[in-house]
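1. Starting from these lines, generate the structure:
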Amino acid sequence: MTTYRTGSLLALLLLASSLFLSAAPAQAASCWVSGNPTFTFSDVNLDSLTDTTASLGYVCQSDASTTYFALCLYMADGTPITGVNPRYMTNYNSSTLQFDLYGDAARTQKLGYEGSGLPPLTWSVAVPGGYQQTSTPRTLYARIPGGQTSLVAGSNYQSQMPNSTLYYSWSTGTPPTSCTSSNASAVHFYSSATATVPNTCNISAATDMDFGNVAGLGTAINQTSSIMLRCPSGTTWRVGLNNGSHASGTTRRMASGSNYISYDLYRDSGHTQRWGTSLGTDTSNGTGSGMNTAITLPVYGRVPAQATTASGTYSDTITVTLTY
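-> Prediction:
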């Protein structure tokens, strides 16, 4: 009985030793993703290019000897709007934003999913033997093209890319000929893109108001000019006009030296809605129709009948304020 028990104990110890030694192949060459790339665009320029980058973190681990890796990257198309070349982000409220992903800083190599017709991003690494690791991140590039002037402003544009793929193959003799040639494997990972479209309302033009040459001021003189502005779709705007450079209290005046002519500016052709700067009270208000659509606001001016003053050229400067 004693001999039998000793033999069993020895067999168990040898088995445990065998299991320990067989664990080494589990540490053989491999790669995995250590950091998901997230593309974040802030303050998208609606008129020109907007660029950003993201980092793909990955680790490759060697075998007992120097190990060569070939890697290929495919970036999945997005959801909820699929497709590449171009890709799309959405604000989930009928507005879409085009963008693209690239493998190079010059943004000439577009990245797509496997089968999209776009080539993968390929590179290679060599890792010294002894089960060492390399973890140099790979920079990826993204771009939003300009000219997308119908966008709704906001910070909720996004695209989810849940099934991007990093293929790799490895060998310990000579470098593999492709990322699927020897000991090939694939790693799937998640990526996303987000963007903020700012409120970029602007005044594109404000024409002068010229009351012309007059012999006297015995009757009222009317004239019009215009203000042109552009705002993203859905953006609320307000335009106010101050009282000018020569006002006396709330009375607008044109000046010629020390002489003045009173006048006023209105939002309506009936000259009943005076134009001022109190938001929502005496300003002009509206909602943007997209940066490619100009909004034209007529300005109605009137010089009321008044005592004739000295002859001369009378002028005033009005400040236009756009609030959004």
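
2. Now do the helices in this protein.
-> Counting by DSSP state H, the chain has helices at residues 2-21.

3. remind me, longest strand of it?
-> Identified as the longest strand of the chain according to DSSP state E is strand 154-171.

4. Pull out the buried positions in it.
-> 154, 157-159, 161, 164-171 (16 or more other Cβ atoms under 10 Å). (Glycine included, C-beta is placed from N, CA and C.)

5. So which elements touch that strand?
-> Other elements packing on strand 154-171 under the criterion 3 or more Cβ pairs under 8 Å, 6 or more residues apart in numbering; DSSP states H and E are strand 30-35, strand 50-61, strand 67-74, strand 87-90, strand 185-197.

6. From the buried residues of strand 154-171, which shows the smallest pLDDT?
-> On pLDDT alone, residue 154 ranks lowest of the buried residues of strand 154-171, at 86.

7. quick one, what contacts that residue?
-> 91, 196, 197 (Cβ atoms under 8 Å, 6 or more residues apart in numbering).

8. ok, what's across the strand from it?
-> residue 197 (DSSP bridges).

9. just residue 35 next, same as before
-> residue 57.

10. Could you do the one 5 residues further on as well?
-> Each beta-bridge partner of residue 40 is listed here, defined by DSSP bridges: residue 194.

11. Near it, how many other residues are there?
-> Using other Cβ atoms under 10 Å, residue 40 has 13 other residues around it.

12. next one: residue 130
-> Residue neighbour count, defined by other Cβ under 10 Å, stands at 10 for residue 130.

13. With residue 84 instead?
-> Look at residue 84: counted by other Cβ under 10 Å, it has 20 neighbours.

14. Please report how far it lies from residue 108.
-> 15 Å (Cβ to Cβ, to the nearest Å).

15. Next: residue 159.
-> Distance, residue 159 to residue 108, by Cβ to Cβ: 21 Å.

16. these two touch, right, residue 87 and residue 159?
-> Yes - contact status for residue 87 versus residue 159: in contact at 6.3 Å, counting by Cβ atoms under 8 Å.

17. quick one, domains of the protein?
-> For the chain, automatic domain parsing gives the domain ranges 26-197, 202-323.

18. Quick check: which of those is buried the most?
-> For these, the largest average neighbour count (mean count of other Cβ atoms under 10 Å) is found in domain 26-197, namely a mean of 17.

19. picking that back up, now do the longest strand of the chain and strand 67-74, the angle between them.
-> 150 degrees (axes from the mean of the first three to the mean of the last three Cα atoms, to 10 degrees).

20. follow-up on the earlier one: which one of the contacts of residue 154 is nearest to residue 112?
-> Residue 112 lies nearest to residue 91 out of the contacts of residue 154, by Cβ to Cβ, at 23.4 Å.
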